[in-house]
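> With the input below, show me the fold.
(4 chains)
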2 protein chains.
Amino acid sequence: MTARSSAESARDVPEATVARLPVYLRALATLADEGTSTCSSEDLAAAAGVNSSKLRKDLSYLGSYGTRGVGYDVDYLRYQIAREIGVTQDWPVVIVGIGNLGHALANFSGFRSRGFRVVALLDADRDRHGEQVAGVDVRPFSDLEQIVTEHGVAIGVISTPAQAAQDVADRMVASGVTSILNFAPTVLQVPSGVDVRKVDLSIELQILAYHVQRKAQAEAEAG
Amino acid sequence: MTARSSAESARDVPEATVARLPVYLRALATLADEGTSTCSSEDLAAAAGVNSSKLRKDLSYLGSYGTRGVGYDVDYLRYQIAREIGVTQDWPVVIVGIGNLGHALANFSGFRSRGFRVVALLDADRDRHGEQVAGVDVRPFSDLEQIVTEHGVAIGVISTPAQAAQDVADRMVASGVTSILNFAPTVLQVPSGVDVRKVDLSIELQILAYHVQRKAQAEAEAG
DNA sequence: CGCATTTTGTTCTCGCGTTCACAAACTCCT
DNA sequence: AGGAGTTTGTGAACGCGAGAACAAAATGCG
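Below is the predicted model:
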């Protein structure tokens, strides 16, 4: 039961759980679109691709939002998870590096629909300035600090080449950004208190390649 | 010391270690570019952004490739890790879904430089067929099976909208693809034996948002 | 009203991964 | 050659997350 400090929902949700909450949120959205108003932990777990026991434990960190013998109200649970993650409000986001990937990110529809708003696209390349991508002007990288301050940006996305990424990250942190999503293939050094998540295509491919090779070897040895 | 079955290096490298090997590989490449021929576990760990103890343990699963009192030979270790991952050979890859993201992926230079070769770009949209992206023709999705068979493709990349992803995955698996990198924001159902790794922008952003919100709450409460 | 059924929320156990700490092994200097 | 100094490789302890199993609570029916 773990008595809570009056104000808010649970503290210290495990990191592994936090990483799955957005998956549950999406699964609930799908269920809602299909017209489902109530679901059991089995249903939701299947839609999210996880074990139902794990799902129930994850949800239990947020509170007790289900009804025994009945299940979960889709809309209600959806709201509770959204609130826990923080996507009931709008997060301003700045994207730095408007190459091929930056274009794709700026046009990504999932941004707006999930509580994120691209307030600026920045690029060091003078030739790109003034260009419009997804309805937003591309502006000089030097505008970073002003934009971050003005809009209260906490989240920055880096889609520059690897060599520029560390500098961009440093400038972001200096401007007040506390969370960075890094698509550049490099390890970023940031002060403690700043969160970095990385998305790295070639690493993912290499992990897949390892398993392919391993399977091939296993088969070869088995004869 | 764990005596090995004559033929090859260690079996059962932990999954967490496998996920870090590509990071080490990249760090070693950087060191090599800087002209470093030897490095200690501390040096490499710093470059890779991990704990040196963890690095040494990770490497110990592959074999004993260092020299006590000296460190690791950069080129030698690099080759050993590349061989373990399997990137000493070339992996043919097929990309399905040539929208904004597909374009970015096709143009991604890290593909070729890390042992991956894009053998085909496929899209269901008839209007795109014949278009060239990064020097490769965009072809109909229906060519999938032929291409997979012809080139022995084991790795497929999905960068379609969410609604098409499951069908694409099914067709890939039916054609003989055993590993899928999924950029579509949906949970894929695949038979056991098929590896799926997912890259999901909006999930990553939501995880960051959670932590931003959490920090903000903590500050508010601290006064 | 009480019992059977359903489904949640929680407890318990197990295995994996991380980190510490140290012995083994190599180099260099005298 | 021997000892001091380094650095690897590994054994052991610890903590977190996954999954199974069960108790608690709600519904519906006789």
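> pLDDT weak spots in chain A?
For chain A, the stretches flagged by pLDDT under 70 are A:1-11, A:223.
> Would you map out the domains in it?
Domain assignment of chain A by automatic domain parsing yields the ranges A:15-85, A:91-203.
> does any bit of the first one sit next to DNA strand C?
Yes - judged by C-beta under 7 Å from any atom of the strand, domain A:15-85 comes into contact with DNA strand C at A:39-42, A:52-53, A:56-57, A:59-60, A:64-72. Any C-beta I mention is one placed from the backbone N, CA and C, and that applies to glycine too.
> quick one on the thing from earlier: if we compare the domains of chain A, which one ends up closest to DNA strand D?
The closest of those to DNA strand D is domain A:15-85. By C-beta to the nearest atom of the strand, the value is 3.0 Å.
> Any residue of that closest one touching DNA strand D?
Yes - using C-beta under 7 Å from any atom of the strand, we find that domain A:15-85 touches DNA strand D at A:15-17, A:50-51, A:53-54, A:56-57, A:67-70.
> Adding distance to B:D195, secondary structure and neighbour count, write the residues you listed out as a markdown table.
As requested, the residues of domain A:15-85 next to DNA strand D are arranged in a markdown table below (distance: C-beta to C-beta, whole Å; DSSP: H, G, I helix; E, B strand; the rest coil; neighbours: other C-beta atoms under 10 Å in any protein chain shown):
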| residue | distance to B:D195 | secondary structure | neighbour count |
| --- | --- | --- | --- |
| A:E15 | 23 | helix | 10 |
| A:A16 | 20 | helix | 9 |
| A:T17 | 24 | helix | 20 |
| A:V50 | 17 | coil | 17 |
| A:N51 | 19 | coil | 13 |
| A:S53 | 24 | helix | 10 |
| A:K54 | 20 | helix | 15 |
| A:R56 | 27 | helix | 16 |
| A:K57 | 26 | helix | 13 |
| A:T67 | 38 | strand | 10 |
| A:R68 | 37 | coil | 6 |
| A:G69 | 38 | coil | 6 |
| A:V70 | 37 | coil | 10 |
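> Can you list the helices and strands that the longest helix along chain A packs against?
Longest helix of chain A, by residue count under DSSP state H: helix A:201-222. For helix A:201-222, the packing partners by 3 or more C-beta pairs under 8 Å, 6 or more residues apart in numbering or on different chains; DSSP states H and E come out as helix B:15-33, helix B:74-85, strand B:91-96, helix B:110-113, strand B:116-123, strand B:155-158, strand B:179-182, strand B:195-198.
> I'd like a version of the residues of domain A:15-85 next to DNA strand D in CSV, one that adds distance to chain B as further columns.
Below are the residues of domain A:15-85 next to DNA strand D laid out as CSV (distance: C-beta to the nearest C-beta, whole Å):
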residue, distance to chain B
A:E15, 9
A:A16, 11
A:T17, 10
A:V50, 9
A:N51, 13
A:S53, 18
A:K54, 14
A:R56, 18
A:K57, 18
A:T67, 25
A:R68, 26
A:G69, 27
A:V70, 24
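> buried sites along the one helix or strand A:V148 maps to?
Remark: A:V148 resides in helix A:144-151, with elements defined by DSSP states H and E. Residues of helix A:144-151 classed as buried: A:144, A:147-148 (neighbour count, 16 or more other C-beta atoms under 10 Å in any protein chain shown).
> what's the angle between it and strand A:91-96?
170 degrees (axes from the mean of the first three to the mean of the last three C-alpha atoms, to 10 degrees).
> does chain B sit close to helix A:144-151?
No - judged by C-beta under 8 Å from any C-beta of the partner chain, helix A:144-151 and chain B are separated, with a smallest distance of 13.2 Å.
> Tell me which other helices or strands that helix touches.
Counting by 3+ C-beta pairs under 8 Å, 6+ apart, helix A:144-151 packs on strand A:91-96, strand A:116-123, helix A:162-175.
> Taking helix A:162-175 as reference, get the angle to it.
Helix A:144-151 and helix A:162-175 meet at an angle of 40 degrees, taking the same axes, to 10 degrees as the criterion.
> Distance from the chain centre to helix A:144-151, please.
The chain centre lies 22 Å from the centre of helix A:144-151; the measure is C-alpha atoms, centre = their mean, to the nearest Å.
> again with stretch A:100-110
Worked out by C-alpha atoms, centre = their mean, stretch A:100-110 lies 14 Å from the chain centre.
> Pull out the buried positions in it.
A:100-106, A:108, A:110.
> Repeat that for stretch A:116-126.
By 16+ other C-beta under 10 Å, the buried positions in stretch A:116-126 come out as A:116, A:118-124.
> and which of those is nearest to B:T186?
B:T186 lies nearest to A:F116 out of the buried residues of stretch A:116-126, by C-beta to C-beta, at 18.7 Å.
> I'd say the closest one and A:D90 touch.
Yes - applying C-beta atoms under 8 Å, one finds A:F116 in contact with A:D90, separated by 7.4 Å.
> picking up where we left off before, is the longest helix of chain A positioned near DNA strand C?
No - applying C-beta under 7 Å from any atom of the strand, one finds helix A:201-222 separated from DNA strand C by no less than 12.4 Å.
> Identify the residues contacting stretch A:109-117?
By C-beta atoms under 8 Å, 6 or more residues apart in numbering or on different chains, the residues outside stretch A:109-117 that reach it are A:82, A:86-93, A:105, A:118, A:155, B:185, B:201-202, B:205-206, B:209.
> Am I right that A:L201 is in contact with B:A106?
No - contact criterion C-beta under 8 Å: A:L201 and B:A106 do not qualify, at 11.4 Å.
> what's the nearest residue to A:Q166 if we skip its chain neighbours?
A:L188 (6.1 Å; C-beta to C-beta, 6 or more residues apart in numbering or on different chains).
> isn't the one you found right next to A:V196, touching?
Yes - A:L188 lies in contact with A:V196 (C-beta under 8 Å); the separation is 5.3 Å.
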